[in-house]
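Engineer: What follows is a predicted structure for the sequence shown.
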Protein chains: 2
Amino acid sequence: MIETTPRRRAIDDVASGLFHANGYAATSIRDIAKVLDIQGASLYAHVASKEDLLWTIVDRAATAFEEATAQAIAETPDNDPTERLAALVEGHVEVVTAHPERSSVFISEWRHLSETHRTDLAIRRDAYESRFREAIDRGVDTGAFQALDPAIATTFILTALNGIPAWYRPDGRLTADRVSDQYVELSLHALSEDHR
Amino acid sequence: MIETTPRRRAIDDVASGLFHANGYAATSIRDIAKVLDIQGASLYAHVASKEDLLWTIVDRAATAFEEATAQAIAETPDNDPTERLAALVEGHVEVVTAHPERSSVFISEWRHLSETHRTDLAIRRDAYESRFREAIDRGVDTGAFQALDPAIATTFILTALNGIPAWYRPDGRLTADRVSDQYVELSLHALSEDHR
DNA sequence: ACCTTGACCTAACGTTCGTTAGGGCTCATG
DNA sequence: CATGAGCCCTAACGAACGTTAGGTCAAGGT
């Protein structure tokens, strides 16, 4: 069970922000402490290690993505790949726009995890990507999607989705809903059969 | 003029590989030297600073992308946005697959440049992205592309392209040509008007 | 009145960082 | 044979790193 005091939560949020902005390796414990107006050593009353901090953030983000896919799958029929993929994309965008910093760290900083955590995460990430891959495979099989390399198509869409936290700003011109709508539209369009 | 001895070139290549694999901040001068079977301090006979190393790699990558777009634009008519965009995507994929490590560093590690170099690069990157943006704008205007938010569409495609060096392996299942073909197909399809 | 708990402090540890200074070896060219 | 360029060495610098140890102080429960 993960214990989470309010103070620890605040520390995680500050760490997310700095890891997102400068990267994990370029962010020191003392950098994080400075934002909290605290001495670096004091952080160790709340945190086991720097990597523990990273893992907490990454694990929370991974869980959010997993919950989103689970819901998307529960809400759409197996035999409608178009709707299924739309729900998956929408769910992904919602998670990313709700927590851009966490998501960014999850996507970009996993290399700096310990080997144990890294392999744990790789498994979960593969499972996540499989949800997209399965929907696309099925769509190609049933003819709903054009026949192209499903592996490339999956990667194409997933990398486009993963790019969002790098540019999305919650207070920017684009609302989360608009981004979601457009990304669903673009993703489905990219795969859809021509209707000439 | 940039002077480039063969030895310096070898150093740049090693640095590209490590920066790509572990990130700039997590790669030390001594790490780079170790691959070359050399003492860390010896690198300073060839390199002014660690940032100089990063900038050389990034600058070379940026130039490669600029040359690719220039060629794509020269080879396609202004009034055919579909062909223009196809050429831009193809050129981008060719650069990325020819130099995945350099490209990866260019895309992911620009935050660690000095402010001078970072703003220099930001300008060039904006100019590069504008080439895509202009083709998409024109395509939406002429009706060749479906009417969606051109800013989002541009970002969607560019982030998908930028994701390539993270997964592409020169000795893998997919040849550079195949990736290029598929990415052109997916990009154009994502934007194309329905023909129902 | 005492004790725990949470939050933070200062001081210090051993290590690694980027970088500089100064010297030495090899080898092609004059 | 002398020269000089190219390449690398050892030694060391001050700074920053993650982390540990031990202590203070206020709030709250018993």
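Structural biologist: Looks like it arrived, so ask away.

Engineer: May I ask which helix or strand encompasses the most centrally placed residue in chain A?
Structural biologist: Closest residue to the average C-alpha location of chain A: residue A:103 at 4.4 Å, with CA atoms, centre = their mean. Using DSSP states H and E, residue A:103 maps to helix A:100-108.

Engineer: Stretch A:156-173 and chain B, any residue contact?
Structural biologist: Yes. Remark: stretch A:156-173 sits within contact range of chain B at A:156-160, A:162-164, A:166-167, by CB under 8 Å from any CB of the partner chain. Bear in mind the C-beta positions are built from the backbone N, C-alpha and C, glycine included.

Engineer: tell me the mean pLDDT for that stretch?
Structural biologist: Per-residue pLDDT values across stretch A:156-173 average out to 97.

Engineer: which ones are touching the residue nearest to residue A:88 when sequence neighbours are not counted?
Structural biologist: The shortest distance from residue A:88 to any residue other than its chain neighbours is 4.9 Å, reached at residue A:72 (CB to CB, 6 or more residues apart in numbering or on different chains). Residue A:72 is in contact with A:84, A:87-88, A:90-91, A:131, counting by CB atoms under 8 Å, 6 or more residues apart in numbering or on different chains.

Engineer: same question, residue A:19
Structural biologist: With the criterion set at CB under 8 Å, 6+ apart, residue A:19 makes contact with A:27, A:54, A:57, A:101, A:104-105, A:109.

Engineer: now residue A:59: how far from residue A:124?
Structural biologist: 9 Å (CB to CB, to the nearest Å).

Engineer: Pretty sure residue A:166 sits against residue A:101.
Structural biologist: No. At 11.2 Å, residue A:166 does not count as touching residue A:101 under the criterion of CB atoms under 8 Å.

Engineer: neighbour count winner among the two?
Structural biologist: residue A:101 (20 against 17; other CB atoms under 10 Å in any protein chain shown).

Engineer: I figured the more buried one hits residue A:165, correct?
Structural biologist: Yes. With contacts counted by CB under 8 Å, residue A:101 reaches residue A:165, the gap being 7.4 Å.

Engineer: and for those two, which residues touch both?
Structural biologist: residue A:20.

Engineer: low-scoring stretches of chain A, by residue?
Structural biologist: A:1-3, A:195-196 (pLDDT under 70).

Engineer: Could you tell me which residues of it lie near chain B?
Structural biologist: Counting by CB under 8 Å from any CB, the residues of chain A near chain B are A:22-23, A:25-26, A:108, A:111-112, A:146, A:148-149, A:151-153, A:155-160, A:162-164, A:166-167, A:174, A:178-179, A:182-183, A:185-187, A:189-192, A:194-196.

Engineer: And for residue A:156, the neighbour number?
Structural biologist: When neighbours are counted by other CB under 10 Å, residue A:156 registers 29.

Engineer: oh, I was asking about residue A:122
Structural biologist: With other CB under 10 Å as criterion, residue A:122 counts 12.
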